[in-house]
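>>> The following comprises the amino acid sequence and a computationally predicted model.
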Amino acid sequence: MAEETIVLRVQRYRPEQDSDPYFQDYEVPYRKDWVVLDALNWIKEYKDGTLSFRWSCRMGVCGSCGMMVNGRPRLTCNTFLREFYPNPITVEPLVNFDIERDLVICMDTFLEKLKKVKPWIIRREVKSPEEGPYNQTPAQLYRYKQFSMCINCMLCYAACPVVGMHPEFLGPAALALGVRYLLDSRDQGWNERMEEVGSHEGVWGCTFVGECSEVCPKHVDPAAAIQQGKVLATLDWFKRWLMPWGQK
Amino acid sequence: MAELLKHDVVIVGGGAAGLRAAIAVAERNPSLSVAVVSKIYPMRSHTVSAEGGAAAVIKGNDSREHHIYDTISGADWLADQNAVELFVDEAPRELTLLEHWGCPWSREPDGSIAVRPFGGMKIERTWFAADKTGFHMLHTLYQTALKYVPITWYDEWFATKLLLDKDRCYGVVAIELRTGAIRGIVGKAVILCTGGAGRVYPFTTNAITKTGDGMALAFRAGVPLKDMEFVQYHPTGLPGTGILITEAARGEGGILVNKDGYRYLQDYGLGKPLDVHDPRHPVKRTMELGPRDKLSQAFVMEMRKGRTLKGPYGDYVLLDIRHLGEKKIDEKLPFVRELARNYAGIDPVYEPIPVRPVVHYMMGGVHTDVDGKTPLPGLYAAGECACVSINGANRLGSNSLTECLVFGARAGHHAAEYVGSAPDPDSSALEQQVRDEADRIRKQFLERTEGERLVSIRKDMQNAMEEGCGIYRTEQSVQAALNKVEECRERFQRVVLDDHTNSFNTELIAALELECMLDVARALCQAALERRESRGAHQREDYPARDDEKFLKHSLAYRTADGVKIEWLDVVITKWPPAERKYGADSGLPSEGGNKS
């Protein structure tokens, strides 16, 4: 019996030799328990070692292998071939990013945005480790926990129309992390962090399309984080301008 | 061309150990410039996949003696007891620091830290963040590290060689993936934090990146690799992919059954089972909460008796957590449910999970002391790539994340002190080494147009290791593996790549990784050959007993012109003389007596 196969139509671009991206078709074995990443690895190992892409954990938690699969941002390590078989599968790099090569996008802009929201605990008075952990009830943990689940996979940036049009928009993942720290009972960095999170490039840049939450593989719901961020920023505005004595 | 990028401390690897080391240097001396060189973005590091938790004594019912004894007995007495004592003493402080930095540890109703039991523990002491502990620790460390201005990030740079001058280490040669540029990244101290080498085997929980790079770099520079023969098989990986199902599944009460639904562990000296609805279940250091080496060995015995199930990816048994119920599974083990649904096609709320032992962790690594120092001045190592050793012949579950923090911090602090006293290197000598390494890479990989593809060499090495250096070994099986590895090293000299370009050449990186794995595999085989006893994860069927007379010693594998040479180093015993490992009903602590063999 001839082996069943499926076609992967893969976008190629090698900056040293290609002036523009183009598509290359590969016929790969079809296996019900293979994900798109398995097929890409099969191509790389047996057919064409020049195809470049990122991956690491192959279990949906490192965030490396996000690509456009038939036009949708997906983690290729948990997108199964069987979802598409017998039709061909188009694989492209995530949109809204520059391409380094083939399926590899340039992450520089995201790393700058991540740093802007100050994704670390800010304390006015620091406790020494000898004094033990801070107290945080399950209810306090629950307030921010979901927004701490972001794996930085960039699918939400590829899905967000605002990121596409306004590259300076901090974007769903960075804002969700900014809001995560604002909501953490241990954090006292409200003012510094709100300067970025509550700005025009921050939560107010979002037009609430909600695509980010649709594509999020970890159910972080960045759209909800941004809406909460807008509420917090509004409270912040009232506190700063109408009740300056009310500031923490 | 050979321009040097200059810093004070160069850290290779951006996982838990590397990031903790970077923060330690920056806090100890903010005037020092720190380079973090990582072949992938730090938040992609394999720490991210750790699920169950991190051990440290924090609860009133626990004690340092309990943690020490669990670790030493788990290690089958091959751990250095001075190192274990120091590790246990510093662990609570390190996990508390992570808490202060924002790690979302799971909590008790009163807001204090929650703990769960893990295999081989007398008292529950594993801090956890649901079942994504490694993920949360890694992102907390990375995001916290971003605030330190002295840290320069070399993201997606692959280190290929240590820079040496006058018998000291002064940095690394590294390839920038984006451009293919090869540069020297110079510092008076280098800390290797590159993780393990599970990919030496075909079937592993490890990410594709775990290729023993740091171990190989040190080994090639004449630094010995310690206790490499000890490879931990985790008893519960998914067949086929090798994806890990955390030990926390058993810590929360999951059970292992064979094809007849029988809890087979009771036949292997791990105690008697209690009913899953008995409030005393699961009993610590008993049955499913035995240590990993013994559980994986029991699987092989069960397979030989024909009592395992057969599937397309080999034999397997079943991990049953159904009795925990959907609510508890979703609260405590959500990732287990997600992984089982995605990659095993079953929902563990309604069906048991197929599992089998899978290569998980290297107890061995670069030989260091308790400060992370290697015998080569200026070179430090921490985390899985290092061997202090607190893990001995078998690591206790949930000690590895804590180890990354405790020894990452210690290495960072000591490196920060060392750079103040180290002499300046001869820059022209370093530049020459960078040029030579760039030439080597170009000639060996980028210019060759005929030869063997790397995948066949890699697969042959991996299969030989599984067959010859698996859960059970013999002189013959290990020798066969070693012969195959040597053959693969020969063939690797003629490896050919499709990709001869510079920009983001991932095939070149895969070749360099394979070169590292071949060195690691060779050291592992030689040590496995010469340790003629059975201890912990190293089970020699031709030498089935532990032999403290001859082998209460660490193996040190040196690379020499005529192959790998093994030397032996005494284990440090402070207060806990070697005894029989006991699990089950009399899995006693020293105070309970009766465990002298």
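That came in fine, so what should we check first?
>>> Now the longest helix along chain A: buried residues?
Identified as the longest helix of chain A according to DSSP state H is helix A:222-241. By neighbour count on 16 or more other C-beta atoms under 10 Å in any protein chain shown, the buried set for helix A:222-241 is A:222-230, A:232-233, A:236, A:239. For glycine as for every other residue, the C-beta is placed from the backbone atoms N, C-alpha and C.
>>> Touching that helix from outside, list them.
For helix A:222-241, contacts defined as C-beta atoms under 8 Å, 6 or more residues apart in numbering or on different chains pick out A:147, A:150, A:156, A:172-173, A:175-176, A:178-180, A:182-183, A:190, A:194, A:197-198, A:202-204, A:206, A:208-210, A:212-213, A:216, A:246-247.
>>> Where does pLDDT dip in chain A?
A:1-2, A:244-248 (pLDDT under 70).
>>> Swap in 50 and give it another go.
A:247-248 (pLDDT under 50).
>>> how's it carved up into domains?
A:5-105, A:108-246 (automatic domain parsing).
>>> can I get the CA coordinates of the longest helix of chain A in CSV?
C-alpha atoms of helix A:222-241 as CSV (Å, rounded to 0.1, in the frame of the first residue of the first chain):
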residue,chain,number,x,y,z
PRO,A,222,-5.4,39.4,26.8
ALA,A,223,-8.5,41.2,25.6
ALA,A,224,-10.0,40.9,29.1
ALA,A,225,-6.7,42.0,30.6
ILE,A,226,-6.7,45.1,28.5
GLN,A,227,-10.3,45.9,29.4
GLN,A,228,-9.3,45.6,33.1
GLY,A,229,-6.3,47.8,32.3
LYS,A,230,-8.6,50.4,30.9
VAL,A,231,-10.7,50.4,34.1
LEU,A,232,-7.5,50.6,36.2
ALA,A,233,-6.2,53.5,34.1
THR,A,234,-9.5,55.4,34.4
LEU,A,235,-9.3,55.0,38.2
ASP,A,236,-5.8,56.1,38.0
TRP,A,237,-6.8,59.3,36.1
PHE,A,238,-9.4,60.1,38.7
LYS,A,239,-7.0,59.5,41.5
ARG,A,240,-4.3,61.6,39.9
TRP,A,241,-6.3,64.6,38.8
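>>> so which of the contacts of helix A:222-241 also contact chain B?
Contacts with chain B within those, as defined by C-beta under 8 Å from any C-beta of the partner chain: residue A:150.
>>> Specify the local secondary structure of residue 136.
I went with chain A, as the question did not name one. With DSSP: H, G, I helix; E, B strand; the rest coil as the basis, residue A:136 sits in coil.
>>> Drop anything exposed from the contacts of helix A:222-241.
Among the contacts of helix A:222-241, those that count as buried by neighbour count (16+ other C-beta under 10 Å) are A:147, A:150, A:156, A:172-173, A:175-176, A:178-180, A:182-183, A:190, A:194, A:197-198, A:202-204, A:206, A:210, A:212-213, A:216.
>>> among these, which are in helices?
Applying DSSP H to the buried ones among the contacts of helix A:222-241, the entries found in helices are A:156, A:172-173, A:175-176, A:178-180, A:182, A:190, A:194, A:197, A:212-213.
>>> Show me the beta-bridge partners of residue B:373.
Beta bridges link residue B:373 to residue B:380, judged by DSSP bridges.
>>> next one: residue B:5
Going by DSSP bridges, residue B:5 forms beta bridges with residue B:185.
>>> what's the answer for the one 5 residues further on, then?
Residues in a beta bridge with residue B:10, per DSSP bridges, are residue B:35, residue B:190.
>>> and it, what is it in contact with?
Residues near residue B:10 by C-beta under 8 Å, 6+ apart: B:34-35, B:37, B:171-172, B:185-187, B:189-191.
>>> Rebuild those residues as CSV, extending it with pLDDT, neighbour count and distance to residue A:55.
Below are the contacts of residue B:10 laid out as CSV (pLDDT from 0 to 100; neighbours: other C-beta atoms under 10 Å in any protein chain shown; distance: C-beta to C-beta, whole Å):
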residue, pLDDT, neighbour count, distance to residue A:55
B:34, 98, 29, 28
B:35, 98, 26, 25
B:37, 98, 29, 20
B:171, 98, 33, 29
B:172, 98, 29, 24
B:185, 98, 25, 25
B:186, 98, 24, 31
B:187, 98, 29, 30
B:189, 98, 31, 32
B:190, 98, 32, 27
B:191, 99, 34, 26
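>>> Can you show me the strands along chain A?
Here chain A has its strands, by DSSP state E, at A:5-12, A:22-29, A:66-69, A:72-75, A:89-92, A:99-101, A:104-105.
>>> now those strands as CSV including distance to chain B?
Below are the strands of chain A laid out as CSV (distance: least, C-beta to the nearest C-beta, whole Å):
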stretch, distance to chain B
strand A:5-12, 12
strand A:22-29, 13
strand A:66-69, 11
strand A:72-75, 10
strand A:89-92, 15
strand A:99-101, 4
strand A:104-105, 5
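>>> Indicate which one of these is closest to residue B:248.
Distance to residue B:248, taken as C-beta to C-beta, is lowest for strand A:72-75 among the strands of chain A, at 23.4 Å.
>>> The residue of the stretch 451-597 of chain B found nearest chain A: neighbour count?
Nearest residue of the stretch 451-597 of chain B to chain A, counting by C-beta to the nearest C-beta: residue B:498, 3.3 Å away. Applying other C-beta atoms under 10 Å in any protein chain shown, we find 14 residues neighbouring residue B:498.
>>> what about the residue lying closest to it once chain neighbours are set aside, neighbour count?
Residue nearest to residue B:498 in three dimensions, not counting chain neighbours: residue A:49, with 3.3 Å by C-beta to C-beta, 6 or more residues apart in numbering or on different chains. The burial count assigned to residue A:49 is 23, neighbours taken as other C-beta under 10 Å.
>>> pretty sure residue A:49 contacts residue B:507?
Yes: the pair residue A:49 / residue B:507 is scored as a contact, 4.2 Å apart, by C-beta atoms under 8 Å.
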